[in-house]
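No letters, just coordinates:
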């Protein structure tokens, strides 16, 4: 292929335009390399024009000079285009991300060979230039030891591949960041603060660098710690059981590894006689290292909800002094307001509409305030439980598993209640309910409700009728029942539910 013809020039120009478009499409944001290739390409096209004019007007000296420049600029363009195609398009599409030093070495060696050939075309002895360059290089090396050390460090990092692109590392000063680029003189590290850190390669070689989350034969995950304090009068075994159950419960917390499982440890008891708490920590393994703080926040939300449900308060400093303008009358007013709020919540339950004020007040004193954080399971399908939830704030989703497939069937918006058949008959949960926001609710246990039933056993007939209507109404569309069949079904279901309630509460 003759490089001095317009046909060849057209092929090289079209190749440049195609690769430039592909690069802008699949690797946007890197324009410097395209600009450099464009300079070589258009210099080549200009020189071809000069060569063609020299041929027409018979200028032999200009023709010779132009042909040598064409040789240099054409091959520079082709080498650069091949480098772009290989290192920016093909290799990244295959899933590999090579450091820039590799492509730079390829270009450097190719350009040196090309320059030697071009100088030979001009009749210059390249060996004499190399000898002179060796002396100059020796002089420069003495004055550029630090720079050369960084360059050698960059090459060493690539040869032993101890640090790779994409690795999260921690420097000796504690700074953490992701390796974005390993260049000749320095390594580019992007920190979590949206900053870019430039670290000389010699510094990386001389220091102790921690590669976060990397372990031979194991997935990428980094152990994290979340600390909290609980009054030491609470049994550590109870605290650990409550916390580990919450941390390991489904659904799993985002970016938390399933193996090893999150666990809780009691680190120490306060020993200075000033603080009255035990020091605990949750240990978990982070799978997405860049999301450390957001994941810690999710851990703390689930921790707080779990401790609140178990009536385990977080510790406060023993020397903390609270001054409150409070007295017995004020406390009584607060308690009465709290009871009224609970009675209002009980009024939302339609099958308890037959209760009188005293019975609602009795239940109100037995309600347990419970909190669920976003993403937690409020109840799980097929689990056994003898309580219901009165949701006062928040939203949730209802999921049902059937034939191995998990499907969302409904959305729940407070105020409402769920789990009534567990309370009334001890029936297994027929669905999984997942909080889609923080949920504030009351939990009504069988033991508390039994106090009302023992005082007025006849109320279970009305309750069973209401529950039967709810169940039949829910299934009437699916079963395509007419009004007469629906009423008959209600009577049958009511008797069935009444029997289950009587058996569950031990009534004759």
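That came through fine. Worth saying up front: this structure is predicted, and the values here are computed from it rather than measured.

Please enumerate the strands of the stretch 151-300 of the chain.
Taking DSSP state E, counting those that start in this stretch as the test, the strands found in the stretch 151-300 of the chain are 168-170, 176-182, 186-191, 196-200, 210-211, 222-231, 263-269, 277-286.

would TSV of these with mean neighbour count and distance to residue 246 be doable?
Yep, even glycine has a C-beta here, placed from its N, CA and C like the rest. TSV is the format used below for the strands of the stretch 151-300 of the chain (neighbours: other CB atoms under 10 Å; distance: least, CB to CB, whole Å):
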stretch	mean neighbour count	distance to residue 246
strand 168-170	18	28
strand 176-182	19	28
strand 186-191	19	32
strand 196-200	15	37
strand 210-211	15	30
strand 222-231	17	12
strand 263-269	14	9
strand 277-286	20	10
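
And the pLDDT at residue 489?
We note a pLDDT of 81 for residue 489 in this prediction.

which one is it nearest to, not counting chain neighbours?
Nearest residue to residue 489, sequence neighbours excluded (CB to CB, 6 or more residues apart in numbering): residue 472, at 4.9 Å.

So which residue is smack in the middle of the protein?
Nearest residue to the geometric centre of the chain (CA atoms, centre = their mean): residue 255, 4.8 Å.

What ranges in the stretch 301-450 of the chain fall below the confidence cut-off?
In the predicted model, the stretch 301-450 of the chain carries pLDDT under 70 at residues 317-327.

quick one, helices of it?
Taking DSSP state H, counting those that start in this stretch as the test, the helices found in the stretch 301-450 of the chain are 328-346, 357-366, 420-425, 446-455.

Mean neighbour count, these: which tops it?
Stretch with highest mean neighbour count among those: helix 420-425 (a mean of 22; mean count of other CB atoms under 10 Å).

I'd like to know which elements that one is packed against.
With contacts taken as 3 or more CB pairs under 8 Å, 6 or more residues apart in numbering; DSSP states H and E, helix 420-425 sits against strand 387-393, helix 446-455, helix 459-479, helix 483-504.

Tabulate the ones you listed (a markdown table), appending distance to residue 70.
Rendered in a markdown table, the data for those read as follows (distance: least, CB to CB, whole Å):
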| stretch | distance to residue 70 |
| --- | --- |
| strand 387-393 | 77 |
| helix 446-455 | 93 |
| helix 459-479 | 81 |
| helix 483-504 | 92 |
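
Deepest-packed of the ones you listed, please.
Here the criterion is mean neighbour count by mean count of other CB under 10 Å, and of the helices and strands packed on helix 420-425 the winner is strand 387-393, at a mean of 21.

Would you map out the domains in this protein?
Domain assignment for the chain by automatic domain parsing gives 6-143, 163-211, 222-309, 344-447, 457-508.

so which of those domains gets nearest residue 316?
Proximity to residue 316 (CB to CB) singles out domain 222-309 among these, at 8.4 Å.

can you put the helices of the stretch 301-450 of the chain in CSV and add distance to residue 52?
CSV is the format used below for the helices of the stretch 301-450 of the chain (distance: least, CB to CB, whole Å):
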stretch, distance to residue 52
helix 328-346, 91
helix 357-366, 99
helix 420-425, 91
helix 446-455, 98
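
Next, format the domains of the chain as JSON lines and append distance to residue 329.
JSON lines is the format used below for those (distance: least, CB to CB, whole Å):
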{"stretch": "domain 6-143", "distance to residue 329": "69"}
{"stretch": "domain 163-211", "distance to residue 329": "52"}
{"stretch": "domain 222-309", "distance to residue 329": "28"}
{"stretch": "domain 344-447", "distance to residue 329": "20"}
{"stretch": "domain 457-508", "distance to residue 329": "35"}
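
residue ranges with poor pLDDT in the stretch 51-200 of the chain?
Low-confidence segments of the stretch 51-200 of the chain (pLDDT under 70): 97-102, 121-160.

can you give me the helices in it?
With DSSP H, counting those that start in this stretch as the criterion, the stretch 51-200 of the chain has helices at 60-83, 91-93, 100-121, 126-143, 145-160.

Just the buried residues of the longest one, please?
The neighbour-count criterion (16 or more other CB atoms under 10 Å) identifies 63, 65-81, 83 as the buried residues of helix 60-83.

any idea how far stretch 103-119 is from the chain center?
Distance, stretch centre to chain centre, for stretch 103-119: 45 Å (CA atoms, centre = their mean, to the nearest Å).

Mind listing what's buried along that stretch?
Taking 16+ other CB under 10 Å as the criterion, stretch 103-119 shows 103, 106, 107, 110, 114, 118 as buried.

Distance to residue 349 added to those, as TSV?
As requested, these are exported to TSV (distance: CB to CB, whole Å):
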residue	distance to residue 349
103	70
106	74
107	76
110	80
114	85
118	91
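
Of the residues you listed, just say which sits nearest to residue 46.
residue 118 (17.1 Å).

For that closest one, which non-adjacent residue is spatially closest?
In space, and not counting its chain neighbours, residue 118 is closest to residue 72: 4.5 Å by CB to CB, 6+ apart.

Please apply the same query to residue 222.
That would be residue 213: by CB to CB, 6+ apart, it lies 3.8 Å from residue 222.

Now for that neighbour, how many residues are close by?
Neighbour count for residue 213, taken as other CB atoms under 10 Å: 19.

how far away is the most far-flung residue of the chain relative to its centre from residue 47?
Distance to the chain centre peaks in the chain at residue 58, reaching 69.9 Å (criterion: CA atoms, centre = their mean). Distance from residue 58 to residue 47, counting by CB to CB, to the nearest Å: 18 Å.

Equivalent analysis for residue 207, please.
Separation of residue 207 from residue 47 (CB to CB): 49 Å.

So the two - more neighbours on which side?
Between residue 207 and residue 47, counted using other CB under 10 Å, residue 47 has the larger neighbour count: 23 against 11.

Quickly find the element holding the more buried one.
Assigned by DSSP states H and E, residue 47 belongs to helix 32-56.

What helices and strands are in contact with that helix?
When contacts are defined as 3+ CB pairs under 8 Å, 6+ apart, helix 32-56 packs onto helix 6-26, helix 60-83.

Pull the contacting residues for residue 105.
Not one residue lies near residue 105 by CB atoms under 8 Å, 6 or more residues apart in numbering.

Equivalent analysis for residue 507, please.
Contacts for residue 507 (CB under 8 Å, 6+ apart) come out as 453, 457, 460, 501.

Hmm, the third one is touching residue 502, no?
This points to residue 460. Yes. Between residue 460 and residue 502 there is a contact under CB atoms under 8 Å: 6.8 Å.

so what's the residue nearest to residue 489 up against?
Contacts for residue 472 (CB under 8 Å, 6+ apart) come out as 481, 486, 489, 490, 493.

let's see it at 7 Å
The neighbours of residue 472, taking CB atoms under 7 Å, 6 or more residues apart in numbering as the test, are 486, 489, 490, 493.

Could you do residue 23 as well?
Residue 23 neighbours (CB under 7 Å, 6+ apart): 34, 84, 88, 89.
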